[in-house]
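>>> starting from these lines, generate the structure:
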Amino acid sequence: MLAASHNGGALVEVPEHLLQRSLDRRKDLGATTGDEPAADVPPSETTAAPAVAQTQAPAAAAAPSLPELPDLEPEPEPQPVPVKPWIQAALTRKKIPVWAVPVLIFLPFWAIIFAGTLESPERDSEIIAMGREVYEGVGGCAGCHGAEGGGGVGPALSDGQVMATFSDWEDHVIWVINGSPAEPGTLYGDDGDVSLGAANGMPANGEKLSAREILAVVYFERVELGGADEAELHDLEELFEAEEVVSEGLKFPIGQTFPSTLRGLLSSAGIGAG
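Numbers count the residues shown, from 1 in each chain. Reported below is the predicted structural model:
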């Protein structure tokens, strides 16, 4: 076999045994030679292979490598909005129990029904109101006879005891005007009670109280404390209301006011003797 020489265009004949040895060596290494027939390969595989290579090459070229992104810190969680104190108080306040709702709804109706069963309190008449004010206040009567007339330093007036001492309201009025007799041991009243004297007994009120105030406190003591029937004191009440005769500024003089004085006032007011 002839082979081209590197030194020029001259051909050099290679011995056959060297060529044969080279071929055998290549076969041992699994290489193919140009003299072997090519293996039968289906036309589809030979044509498809270049197409697959052509399609895969652009795909590989179209996928550029992405730059690495820096590590991002996580966003902080949003803080809750603080609740207003009055809203918090409303949320934590105890709610009305369900069973109480119908009770609250019907409560006004029950109140109206209950109020209808009550008797309206009677207002004090003018003479009772003034008499109470004198007894508990300016007259100082409650300090001696007790707030309810049960007695104390002075004798009791309640439970008819004042009527037992003064059966006639005119004598009761005179007693309030003049007070106790000056000398201790003097008897007074219908039941002959013993007076403690002016210093320790009933004080005179003729100069301290007006005529209308004395009439009012006597009426109060007899009706409200003593339990007398108001009908029995009709003349006393009529005299109190006769302001043209018993004016606001009128006073009963101490030691100069007698039952006859009161009867004269009743006659001037056109009130029959009672």
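
>>> and the residue sitting nearest the centre point of the chain, how far from residue 264?
Centroid-nearest residue in the chain, with C-alpha atoms, centre = their mean: residue 93, separated by 11.7 Å. Distance, residue 93 to residue 264, by C-beta to C-beta, to the nearest Å: 74 Å. Just so you know, the C-beta spots here come from the backbone N, C-alpha and C atoms, and that holds for glycine as well.

>>> ok, now residue 251?
Counting by C-beta to C-beta, the gap from residue 251 to residue 264 is 16 Å.

>>> quick one: which of the two has more around it?
Counted by other C-beta atoms under 10 Å, residue 251 and residue 264 do not tie: residue 251 has more neighbours, with 17 against 12.

>>> the closest residue in space to residue 141 that isn't next to it in sequence: neighbouring residues, count only.
Sequence neighbours aside, residue 135 is the residue nearest to residue 141 in space, at 4.5 Å (criterion: C-beta to C-beta, 6 or more residues apart in numbering). Using other C-beta under 10 Å, residue 135 has 23 neighbouring residues.

>>> give me the element residue 135 is part of.
If you go by DSSP states H and E, residue 135 is part of helix 126-136.

>>> helix or strand right after that helix?
Per DSSP H and E, the first helix or strand lying C-terminal to helix 126-136 is helix 141-145.

>>> who does that next one touch, helix- and strand-wise?
Helix 141-145 sits against helix 126-136, with contacts defined as 3 or more C-beta pairs under 8 Å, 6 or more residues apart in numbering; DSSP states H and E.

>>> now for the helix it packs on, which elements pack on it?
Counting contacts by 3+ C-beta pairs under 8 Å, 6+ apart, helix 126-136 packs against helix 141-145, helix 211-220, helix 234-241.

>>> please spell out which residues along the last one are buried.
Residues 235, 236, 237, 239, 240, 241 are the ones in helix 234-241 that count as buried (16 or more other C-beta atoms under 10 Å).

>>> for the stretch 151-274 of the chain, which residues score under the pLDDT cut-off?
273-274 (pLDDT under 70).

>>> mind listing the helices for it?
Counting by DSSP state H, counting those that start in this stretch, one finds helices in the stretch 151-274 of the chain at the ranges 161-165, 169-178, 211-220, 234-241, 259-268.

>>> list the buried residues of the second one.
Spelled out, it's helix 169-178. Residues of helix 169-178 classed as buried: 169, 170, 172, 173, 174, 175, 176, 177, 178 (neighbour count, 16+ other C-beta under 10 Å).

>>> show me how far it is from its chain's centre.
Helix 169-178 sits 55 Å away from the centroid of its parent chain (C-alpha atoms, centre = their mean, to the nearest Å).

>>> the first one now?
Here helix 161-165 is found 53 Å from its chain centre; the criterion is C-alpha atoms, centre = their mean.

>>> what does it contact?
Identification of contacts with helix 161-165 by C-beta atoms under 8 Å, 6 or more residues apart in numbering yields 149, 155, 172, 189, 190, 191, 193, 221, 222, 225, 226, 228.

>>> cool, and the third one?
Counting by C-beta under 8 Å, 6+ apart, the neighbours of helix 211-220 from elsewhere in the structure are 127-128, 130-132, 134-135, 138-139, 141, 169, 172-173, 176-177, 205-206, 209, 233, 236-237, 239-240, 243, 246, 248, 250-252.

>>> can I get the CA coordinates of stretch 79-96 in CSV?
C-alpha atoms of stretch 79-96 as CSV (Å, rounded to 0.1, in the frame of the first residue of the first chain):
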residue,chain,number,x,y,z
GLN,A,79,-48.7,45.5,64.8
PRO,A,80,-52.4,45.5,66.1
VAL,A,81,-54.1,48.8,66.4
PRO,A,82,-54.5,49.6,70.1
VAL,A,83,-58.1,49.5,71.3
LYS,A,84,-59.5,52.7,72.8
PRO,A,85,-60.2,52.5,76.6
TRP,A,86,-64.0,53.1,76.2
ILE,A,87,-64.2,50.5,73.5
GLN,A,88,-62.3,48.0,75.7
ALA,A,89,-64.6,48.8,78.6
ALA,A,90,-67.7,48.2,76.4
LEU,A,91,-66.3,44.8,75.1
THR,A,92,-65.5,43.6,78.6
ARG,A,93,-68.6,44.9,80.3
LYS,A,94,-71.1,42.2,81.4
LYS,A,95,-73.9,41.9,79.1
ILE,A,96,-77.6,41.7,80.1
